[in-house]
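**Q** no sequence for this one, just the structure:
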């Protein structure tokens, strides 16, 4: 029997909500309803993303053992499920760098391109796409080098550009993204199974849409680069200005036999967390699954909402939990201009540190923010936790929260307090998860 009493351990309660959100997005459960019947010919599985290893394992387990099945999927270093390499597999899983591509990603992309060429109309390409695929599927457009891609990617990551803006540029500088992988596979039909990590769940944005048509243009990509001051290598600038790097558009016959399924989304994971909270007697309110903006500003807004609930019982009454998802950004200053030593941290940590500073120890308010892939930025934590005593504990240790926030050093702040949430890779990715519990 489920108790309706409010949770006695707020930190454990928040962690349970995060775990429920992650569990809802696990490929082993999410893929099954969407797998197509085996074709008359071969099934070739390709894919890219942080969930790629787990998605490949799920496909192998779910498809008949005797079906003609082969393929290659690339995932981030450390994101291959335990034991996957211990036995021969029909789908090979390789690892590469994220968020900045490396030579391993370049090699994997070239091999994936080879896998889908030469197929016929009776074969099937099953594309397993998840967040992180933009960096992992790293085959530059003609005339560009890996170094060119790395430089542009690093500049985009520092710029504060939204994910759809970054991926617009990335897909136009790619030989496979922006629908080009599906065009290579034609006339074979392509079934794309997507785990969404982007606000709005647009298949053309998830991993820069390698198997779906792209409505954006080279001119759009140029405008984004101008907006954020992204210096383009000469070959990239020439290819965009001339239109040589244009992507296949909606209506292109290459997509005539293709289908797309969203198998896991941020909204579904937020709903799973909300259901668990309600089962424990706590009202749950989902603000949005698509919140964007600067992490620290989003943190301030969430803190203001929490204070309104705590002080005035508006717009919600306690006990309750406020949930949100999406993808915020952290805009870093140009190298050499940061305040103090360069900091460490990601979107979730920065959100939470700004939230704590704005809350100023408001009684009864607890929060968790974490990335559902288990890695906040490039660190080893998924996120962190705050309590009403977070700031007081920091000050007692001689730690100044605002200084850490100015240095973008949320990791250092929460590590010193022992309040990091460390899960290791979760083998899925439906983006940011935020939960504020008001006891």
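**A** Ah, there it is. The structure displayed is predicted, hence computed values, not measured ones. Numbering: from 1, shown residues only.

**Q** Verify the contact between residue 391 and residue 357 for me.
**A** Yes: look at residue 391 against residue 357 with CB atoms under 8 Å: they come within range, at 7.3 Å. For every residue, glycine as well, the C-beta is placed using N, CA and C.

**Q** Settle it for me: which of the two has more neighbours?
**A** residue 357 (20 against 17; other CB atoms under 10 Å).

**Q** so what's the more buried one up against?
**A** 391, 401-402, 405 (CB atoms under 8 Å, 6 or more residues apart in numbering).

**Q** Quick check, pLDDT for residue 377.
**A** Residue 377 is assigned 84 on the pLDDT scale.

**Q** do the same with the one 10 residues further on
**A** The predicted structure scores residue 387 at 98 on the pLDDT scale.

**Q** related to what we said a few turns ago, could you dump the contacts of residue 357 into a markdown table with secondary structure and distance to residue 353 added?
**A** Converted to a markdown table, those look like this (DSSP: H, G, I helix; E, B strand; the rest coil; distance: CB to CB, whole Å):
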| residue | secondary structure | distance to residue 353 |
| --- | --- | --- |
| 391 | helix | 10 |
| 401 | helix | 6 |
| 402 | helix | 9 |
| 405 | helix | 5 |
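
**Q** Compare those residues and tell me which has the most neighbours.
**A** residue 405 leads the contacts of residue 357 on contacts (other CB under 10 Å) with 22 neighbours.

**Q** Show me which residues of the top helix by length along the chain are buried.
**A** In the chain, assigned by DSSP state H, the helix with the most residues is helix 295-312. Across helix 295-312, burial judged by 16 or more other CB atoms under 10 Å covers 295-296, 298-303, 305-307, 309-310.

**Q** For these, give me a markdown table that also has distance to residue 277 and pLDDT.
**A** Converted to a markdown table, those look like this (distance: CB to CB, whole Å; pLDDT from 0 to 100):
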| residue | distance to residue 277 | pLDDT |
| --- | --- | --- |
| 295 | 24 | 96 |
| 296 | 26 | 96 |
| 298 | 21 | 98 |
| 299 | 21 | 98 |
| 300 | 24 | 98 |
| 301 | 21 | 98 |
| 302 | 17 | 98 |
| 303 | 20 | 98 |
| 305 | 17 | 98 |
| 306 | 15 | 98 |
| 307 | 20 | 98 |
| 309 | 15 | 98 |
| 310 | 17 | 97 |
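
**Q** still on that earlier bit, show me what the longest helix of the chain packs onto, helices and strands only.
**A** strand 320-326, helix 347-359, strand 365-371, strand 432-438 (3 or more CB pairs under 8 Å, 6 or more residues apart in numbering; DSSP states H and E).

**Q** List the buried residues of the first one.
**A** For strand 320-326, the neighbour count (16+ other CB under 10 Å) marks 320-326 as buried.

**Q** which strands and helices sit next to it?
**A** helix 10-24, helix 266-279, strand 283-291, helix 295-312, strand 432-438.

**Q** try 10 Å
**A** When contacts are defined as 3 or more CB pairs under 10 Å, 6 or more residues apart in numbering; DSSP states H and E, strand 320-326 sits against helix 10-24, helix 266-279, strand 283-291, helix 295-312, strand 365-371, strand 432-438.

**Q** how far does it sit from the chain's center?
**A** With CA atoms, centre = their mean, to the nearest Å as the basis, strand 320-326 stands 17 Å off its chain's centre.

**Q** Now do that strand and helix 295-312, the angle between them.
**A** Using axes from the mean of the first three to the mean of the last three CA atoms, to 10 degrees, the direction of strand 320-326 lies 160 degrees away from that of helix 295-312.

**Q** Can you give the strand pairings for strand 320-326, parallel or anti for each?
**A** Using DSSP bridges, the strands paired with strand 320-326 are strand 283-291 (parallel), strand 432-438 (antiparallel).

**Q** average pLDDT for it?
**A** 97.

**Q** The third one too?
**A** For strand 365-371, mean pLDDT rounds to 98.

**Q** Over to the last one?
**A** Averaging the model's pLDDT scores along strand 432-438 yields 97.
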